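Asker: take this sequence and fold it.
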Amino acid sequence: MGKLSSNIIVGAPSTVIVAPYGVAEGGGTAVDLGSTEGGLKMTYTPEFYFKKADQWTGKVGAVKINEDMTIELSLAECTLANLAYAFGYPTSAVAGTVFYAGGNATATERTVYINGVAPGGGTSKITVHKCVIIGTPEVAMLKNDKTVLKVTLQVLQDTSQTANQQMISFEFSGTDTTEPTVAMTTPANKATWAVKTTVTSLVLTFTESDNTIDEGTLIYGQTIIINDVDDVTTPVLKAGTIVYNSATKTLIFTPTVAWTTAHEFVLMVTTAVRDTAGNHLASAFLGSFVID
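Answerer: Numbering: from 1, shown residues only. You can find the predicted model right below:
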C-alpha cells in the first residue's frame with residue numbers, strides 16, 4: 001500500500017456509549033459518557049501453549065489457549081452516573097442526588113460503543129460486545145486540575161456472536177474506497193492532434209470524488225509514459241515534464257521539444273498511480289494520438 005499520511009490517525013474518541021449488554025447504541029437505555037481525558041488504551045494479550053518434547057531443543061508448535069483484552073479510559077465529566085460506571089455499579093445505584101456504593105457482588109455486563117476517526121478522513125466504530133468494569137477505579141480530585149474518573153473495561157467473550165467475532169469489532173465508514181480513473185482531455189483518446197512543430201501541453205483528467213491523487217505516485221517515465229511509436233519496434237519516450245493540479249485534478253505534460261509531425265504516440269498510466277486514500281487505478285490506462 002505504501003506510505004500515506006492520511007492513514008495516520010490522530011485524535012481521541014468522539015463518543016463512548018455504554019448500554020446494558022445486548023442493547024443497541026441507539027437504544028433508550030444507552031448512555032453517552034461524555035468527554036474523555038487522554039483518549040483510551042486498548043490492550044490485547046493472547047496466551048499460547050508451546051509444544052515441546054525431550055527430543056527437540058526448542059518449541060515446535062503453538063496452540064492459542066486464551067485471549068485477553070482490556071480497555072482503559074478516563075472520564076472527564078464527573079457526574080453521579082459516571083461515578084457509578086467507574087465503580088462498576090448499575091445506574092440504579094444513583095438515587096436522586098446520591099450515589100451509593102458498597103456491598104454489591106454483581107458484575108454488571110455491558111455493551112460499549114466507541115466512536116472516533118478512521119484513515120482517509122472517515123469515522124470509526126469500535127463495538128465491545130460484552131464487558132465488565134474491573135480494576136481499581138481512580139477518582140482523582142486535584143487542587144489545580146480537573147477531576148477525572150479512570151475506568152478499566154474487561155472484555156468478555158460473547159458466545160452469542162459468530163465464531164472469531166466474539167470480543168470486539170472495528171468498523172471504518174465514510175472512507176474513500178473508490179478507485180480513481182483517468183481520461184485524456186487534450187487531445188482526446190485516438191484523436192489526430194494538429195499541433196505539429198509546437199510544444200503544446202497534453203492534459204489528463206483524473207476522476208476522484210473524495211480525495212486527490214497521491215502526487216508521489218506520478219512519476220514521468222515510470223507511472224506516466226508517453227512513447228513515440230513511429231517505429232513500433234523501438235518506442236521512444238517523449239522527453240518532457242509533468243505538473244499535477246490537485247484543485248482541478250488534472251495532469252499537464254509539457255514536451256521539452258516540439259511534437260513530431262506525422263508520428264503516433266501512445267500514452268500509458270500504470271496501476272501504481274493511486275489516490276491519497278490508497279486506492280490504485282483498477283487497470284492501466286492506454287491511449288493514443290497522432291500528430292498532424
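Asker: hey, which helix or strand in the protein has the poorest pLDDT?
Answerer: Lowest on mean pLDDT, DSSP states H and E among the helices and strands of the chain sits strand 123-140, with a mean of 86.
Asker: in PDB, list the C-alpha atoms belonging to that strand.
Answerer: Output of strand 123-140 as PDB, limited to C-alpha atoms (Å, rounded to 0.1, in the frame of the first residue of the first chain):
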ATOM      1  CA  THR A 123     -15.200   7.600  11.000                       C
ATOM      2  CA  SER A 124     -14.600   4.500  13.100                       C
ATOM      3  CA  LYS A 125     -16.900   2.500  15.400                       C
ATOM      4  CA  ILE A 126     -15.500   0.000  17.900                       C
ATOM      5  CA  THR A 127     -18.100  -2.300  19.300                       C
ATOM      6  CA  VAL A 128     -17.300  -4.200  22.500                       C
ATOM      7  CA  HIS A 129     -19.900  -6.800  22.600                       C
ATOM      8  CA  LYS A 130     -19.700  -7.800  26.200                       C
ATOM      9  CA  CYS A 131     -17.600  -6.400  29.100                       C
ATOM     10  CA  VAL A 132     -17.500  -5.600  32.800                       C
ATOM     11  CA  ILE A 133     -15.700  -2.900  34.700                       C
ATOM     12  CA  ILE A 134     -12.700  -4.200  36.700                       C
ATOM     13  CA  GLY A 135      -9.500  -2.900  38.200                       C
ATOM     14  CA  THR A 136      -9.100  -0.200  40.800                       C
ATOM     15  CA  PRO A 137     -11.200   2.800  39.700                       C
ATOM     16  CA  GLU A 138      -9.400   6.100  40.400                       C
ATOM     17  CA  VAL A 139     -11.300   9.300  41.200                       C
ATOM     18  CA  ALA A 140      -8.600  12.000  41.100                       C
END
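Asker: which parts of it are buried?
Answerer: Residues of strand 123-140 classed as buried by neighbour count (16 or more other C-beta atoms under 10 Å): 124-133, 137. Glycine gets a C-beta too; all of them are placed from N, C-alpha and C.
Asker: can you list those residues in TSV and add distance to residue 288?
Answerer: Listed next are the buried residues of strand 123-140 as TSV, based on distance: C-beta to C-beta, whole Å:
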residue	distance to residue 288
124	44
125	47
126	50
127	51
128	56
129	56
130	60
131	60
132	66
133	66
137	70
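Asker: contact partners for the residue lying closest to residue 126 once chain neighbours are set aside?
Answerer: Nearest residue to residue 126, sequence neighbours excluded (C-beta to C-beta, 6 or more residues apart in numbering): residue 114, at 4.1 Å. By C-beta atoms under 8 Å, 6 or more residues apart in numbering, the contact set of residue 114 is 13, 15-17, 40, 71, 125-128.
Asker: show me the domain layout of this protein.
Answerer: 5-173, 181-291 (automatic domain parsing).
Asker: quick check, nearest of the buried residues of strand 123-140 to residue 291?
Answerer: Within those, the smallest distance to residue 291 is 51.1 Å, found for residue 124 (C-beta to C-beta).
Asker: show me what that closest one is bridged to.
Answerer: Per DSSP bridges, the residues bridged to residue 124 are residue 116, residue 172.
Asker: re earlier: which member of the contacts of residue 114 is positioned nearest residue 169?
Answerer: In terms of C-beta to C-beta, no member of these lies closer to residue 169 than residue 127, at 4.7 Å.
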